[in-house]
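J.: here's a sequence, model it:
(chains A, B, C and D)
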Protein chains: 2
Amino acid sequence: MKVTIRDVARRAGVGVATVSRVLNGTGYVKAETRERVLAAAAELGYVPSQLARGLVRRLSGTVGLVVPDITNPFFPLITRGVEDAASEAGYTVFLCNTDNDPVLEAQDVRKLREHRVDGIIFVGTTERRELVDQLLADDIPVVVMDRQLEHADVDTVTVDNVAGAQAACRHLIELGHRRIAHAAGHQSTRTGQDRCQGYRMALEEADIPYDPACVTWGDFTFESGFRVGQVLLGLSPRPTAVFAGNDLIALGVIRAAEEAGLSVPDDLSVVGFDNIQMAALVRPGLTTVRQPAREMGRLAMTMLLERIRGEFSGPGRRHVYPPELIVRGTTRRREPLG
Amino acid sequence: MKVTIRDVARRAGVGVATVSRVLNGTGYVKAETRERVLAAAAELGYVPSQLARGLVRRLSGTVGLVVPDITNPFFPLITRGVEDAASEAGYTVFLCNTDNDPVLEAQDVRKLREHRVDGIIFVGTTERRELVDQLLADDIPVVVMDRQLEHADVDTVTVDNVAGAQAACRHLIELGHRRIAHAAGHQSTRTGQDRCQGYRMALEEADIPYDPACVTWGDFTFESGFRVGQVLLGLSPRPTAVFAGNDLIALGVIRAAEEAGLSVPDDLSVVGFDNIQMAALVRPGLTTVRQPAREMGRLAMTMLLERIRGEFSGPGRRHVYPPELIVRGTTRRREPLG
DNA sequence: TTGTAAGCGTTATCAA
DNA sequence: TTGATAACGCTTACAA
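T.: Numbers count the residues shown, from 1 in each chain, chains lettered A, B, ... in the order given. Okay, the predicted model is just below:
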């Protein structure tokens, strides 16, 4: 790690500026000189320093990706999409886990700023305006995913949660279910709220009266789904179907049903949201609403790059993907009352 | 992003060196001056540049984490462990996905070097000596996980794959199984080989003759497990138990069994390896061998830091974790032949 | 076409 | 205790 541009220049018998030019493809360089420089660089095993480069160019070639917890199966896919687009563009990504803790999040952002990231993608994380405002004030573009930050100047990429929830519930209704519960995720998140709203809209559409007892919430985890499931299944009359705030919750509800001696889908239909890998591998397969996570990650990174490069500088763009209902084995027609 | 140490110095009415001292806690500074500097920095919203700092200190405060595919459920846990230890130490981590492609891997490493990472953790990725040798030659410490790179100067953290496989197969044998197949992962990886060896050792121990037909391999995916499962179940006599190279393979084998009209565990017992989250959520729960992935990630990062800081500089350390058999629902006593 | 030199923002050495 | 000032490795006018 000791060979610098100066070494290359000396070896090639040229000035450092020339080396810089050929390595960056900027300005005119005689073909022969170019060859000589390239050869010298190769022989010396020269690896240019992005630290030095970033210092003068004021661009580090890095971006930050902030997620609550990479261990939650929904985030790796998004991460991968971001990574894909980033590496194609020659960018490298810093990964940060916040555990949804505002303090940790602030620390992470601070670190990212110290490293002079060219932009930050927040996914499924707290919607704190101040943090984002500061970033924007310093010309660090921000893209938000899986959360609806109502900020004039940040791009967001999300899925239409209302429509997705609605599609899920309509599916249940078409199967003859009328007593449909909602095992919701965090109601403090826009995502959680929207999915709840889609649920209510679908019921209303079908003239099914809304029963507040049928909606219980926790967070977006299996454990929470299990607990909420127990509550919901204790209702009387017992719901014949549950729309869950996400797949992990759905799996928890299913577990609660099993432990209560209920069969899914015979006694209870369940629909999730996200379509994580597990949804397809579990038996019976989980009926769910798919969001194209990897593609969404890729788009987020692409939009961020446009901002970084100044190719786009208008007001915040909202890209919302259409969700897609995937019917598998956890939903079935409601048997006429026996 | 424009306020520099000079601005802070001016504002506090001191020289830049003093600001640097208080910010880094190096050297003597009068308490009063310190306060003034801190205040100035806060008022200005000063964020020191790690690029500039790294340039002079020759330490970037970053490390690279190279995994095949973060989308594979085994890696997020390790990643999280690495992250945990990294952020505690004030380090930030670059994440790279190689898809096990040597070309991509080389590119990723190149990028990491350009960013002057202070060290790199490779997990479950190709065992290419040259790459590592170059890194080491330039004093960039390396830790390897989930692969056994027989390199004198790199630390490795792994689980005892032989012992784990052995424990899994012993469990099967104790349950009365004699015809046990192995749905192996990549045999080009040390991990795959070791698990196969543990399998053979367990058989030998129990005086069960080794039948090459009972061992088939592919890669470490669900799809591969499914295909391999089909092959294994076509054998005659049909195996009554399968030890899979990892959990994803195990799930694939189970799927193949189901499609063949076989019940797990009634007709076929299956054991996996890794204990990914899915193993506990699937029904019946997957019997498997646990490796403490998050903890392993944390240790890897800790060891890397020791090297970076020069707290340790001896020959490569090999830390191998003891595996732990977790018995769930996919294994059961072999019924006496009917 | 190519080289010289002035930064980029910090740290660290050396005087004061 | 503190302040100049010389690196750190690279890009980019500005000259030649």
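
J.: below-threshold pLDDT in chain A: ranges please.
T.: Low-confidence segments of chain A, defined by pLDDT under 70: A:1, A:126-127, A:336-338.

J.: gap between the closest residue in space to A:Arg200 that isn't next to it in sequence and DNA strand C?
T.: Closest residue in space to A:Arg200, ignoring its immediate chain neighbours: A:Tyr210 at 5.8 Å, by CB to CB, 6 or more residues apart in numbering or on different chains. Glycine gets a C-beta too; all of them are placed from N, C-alpha and C. From A:Tyr210 across to DNA strand C, the span is 55 Å (CB to the nearest atom of the strand, to the nearest Å).

J.: residues in contact with A:Tyr210?
T.: Counting by CB atoms under 8 Å, 6 or more residues apart in numbering or on different chains, A:Tyr210 makes contact with A:Arg200, A:Leu203, A:Glu204.

J.: could you dump the helix or strand A:Leu65 falls within to CSV, C-alpha only?
T.: In the assignment (DSSP states H and E), A:Leu65 maps to strand A:62-67. Listed next in CSV are the C-alpha coordinates belonging to strand A:62-67 (Å, rounded to 0.1, in the frame of the first residue of the first chain):
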residue,chain,number,x,y,z
THR,A,62,-19.5,5.5,-1.5
VAL,A,63,-23.1,5.5,-0.3
GLY,A,64,-24.7,4.5,3.0
LEU,A,65,-27.5,2.0,3.3
VAL,A,66,-29.4,2.2,6.6
VAL,A,67,-31.7,-0.6,7.6
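
J.: by contact count, what packs against that strand?
T.: helix A:75-88, strand A:92-97, helix A:102-114, strand A:120-123, helix A:293-308 (3 or more CB pairs under 8 Å, 6 or more residues apart in numbering or on different chains; DSSP states H and E).

J.: okay, those, which one's buried deepest?
T.: The highest mean neighbour count among these, using mean count of other CB atoms under 10 Å in any protein chain shown, belongs to strand A:120-123: a mean of 27.

J.: ok, that strand: who's next to it in the sheet?
T.: strand A:62-67 (parallel), strand A:142-145 (parallel) (DSSP bridges).

J.: coming back round to it: helix/strand/coil for the residue nearest to A:Arg200?
T.: coil (DSSP: H, G, I helix; E, B strand; the rest coil).

J.: separation between it and A:Gln193?
T.: 15 Å (CB to CB, to the nearest Å).

J.: equivalent analysis for A:Ala244, please.
T.: For A:Ala244, the distance to A:Gln193 - CB to CB - is 15 Å.

J.: quick one: which of these two has more around it?
T.: Remark: of A:Ala244 and A:Gln193, A:Ala244 carries more neighbours, 32 against 17, as counted by other CB atoms under 10 Å in any protein chain shown.

J.: quick check: the more buried one touching A:Val270?
T.: Yes. With contact defined as CB atoms under 8 Å, A:Ala244 reaches A:Val270; the gap is 6.4 Å.

J.: need the residues touching each of the two.
T.: By CB under 8 Å, 6+ apart, the residues touching both A:Ala244 and A:Val270 are A:Ala250, A:Val253.

J.: buried ones in the strand holding A:Leu65?
T.: Of all the residues in strand A:62-67, those buried under the rule 16 or more other CB atoms under 10 Å in any protein chain shown are A:Thr62, A:Val63, A:Gly64, A:Leu65, A:Val66, A:Val67.

J.: so can I have TSV of those showing distance to B:Gly54?
T.: Formatted as TSV, the buried residues of strand A:62-67 follow (distance: CB to CB, whole Å):
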residue	distance to B:Gly54
A:Thr62	12
A:Val63	18
A:Gly64	17
A:Leu65	21
A:Val66	22
A:Val67	25
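
J.: other residues contacting stretch A:200-207?
T.: By CB under 8 Å, 6+ apart, stretch A:200-207 touches A:Val162, A:Ala165, A:Gln166, A:Ala168, A:Cys169, A:Arg170, A:Ile173, A:Ile180, A:Pro209, A:Tyr210.

J.: show me which of those are buried.
T.: A:Val162, A:Ala165, A:Gln166, A:Ala168, A:Cys169, A:Arg170, A:Ile173, A:Ile180.

J.: nearest to DNA strand D among those residues?
T.: Lowest distance from DNA strand D to these (CB to the nearest atom of the strand) belongs to A:Val162, with 45.8 Å.

J.: for the helix or strand containing A:Leu203, list the C-alpha coordinates in CSV.
T.: Assigned by DSSP H and E, A:Leu203 belongs to helix A:190-205. Backbone C-alpha positions of helix A:190-205 (Å, rounded to 0.1, in the frame of the first residue of the first chain) are rendered in CSV as follows:
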residue,chain,number,x,y,z
ARG,A,190,-46.8,4.7,7.5
THR,A,191,-46.5,1.2,6.1
GLY,A,192,-48.4,-0.3,9.0
GLN,A,193,-51.1,2.4,8.7
ASP,A,194,-51.5,2.0,5.0
ARG,A,195,-51.9,-1.7,5.1
CYS,A,196,-54.5,-1.2,7.8
GLN,A,197,-56.3,1.3,5.7
GLY,A,198,-56.3,-1.1,2.7
TYR,A,199,-57.9,-3.6,4.9
ARG,A,200,-60.6,-1.3,6.0
MET,A,201,-61.3,-0.1,2.5
ALA,A,202,-61.8,-3.7,1.3
LEU,A,203,-64.2,-4.4,4.1
GLU,A,204,-66.2,-1.3,3.4
GLU,A,205,-66.3,-2.1,-0.3
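
J.: neighbours around whatever residue of the stretch 101-250 of chain A ends up closest to DNA strand D, how many?
T.: Closest residue of the stretch 101-250 of chain A to DNA strand D, CB to the nearest atom of the strand: A:Arg116 (12.7 Å). A:Arg116 is flanked by 21 other residues according to other CB under 10 Å.

J.: from A:Asn24, how far off is the spatially closest residue to it that is not a sequence neighbour?
T.: Take A:Arg116 and drop its neighbours on the chain: the residue closest to it by CB to CB, 6+ apart is A:Ser60, 4.5 Å away. As judged by CB to CB, A:Ser60 and A:Asn24 stand 16 Å apart.

J.: more neighbours, the two?
T.: Counted by other CB under 10 Å, A:Ser60 and A:Asn24 do not tie: A:Ser60 has more neighbours, with 23 against 11.

J.: the more buried one against A:Asp118, yeah?
T.: Yes. With contact defined as CB under 8 Å, A:Ser60 and A:Asp118 form a contacting pair (5.8 Å).

J.: can you give me the strands in chain A?
T.: Along chain A, the segments classed as strands by DSSP state E run A:62-67, A:92-97, A:120-123, A:142-145, A:155-159, A:180-184, A:215-217, A:241-244, A:269-271, A:288-290, A:318-321, A:324-326.

J.: helices or strands up against the second one?
T.: If contacts are counted by 3+ CB pairs under 8 Å, 6+ apart, strand A:92-97 sits against strand A:62-67, helix A:75-88, helix A:102-114, helix B:75-88, strand B:92-97.

J.: buried residues of stretch A:313-320, list them for me.
T.: So for stretch A:313-320, counting by 16+ other CB under 10 Å, buried means A:Gly316, A:His319.

J.: ok, and what's touching stretch A:300-310?
T.: Contacts of stretch A:300-310 (CB under 8 Å, 6+ apart): A:59, A:63, A:78, A:81-82, A:84-86, A:89, A:91, A:118-121, A:123, A:141-143, A:145, A:155, A:157, A:311-313, A:317, A:319.
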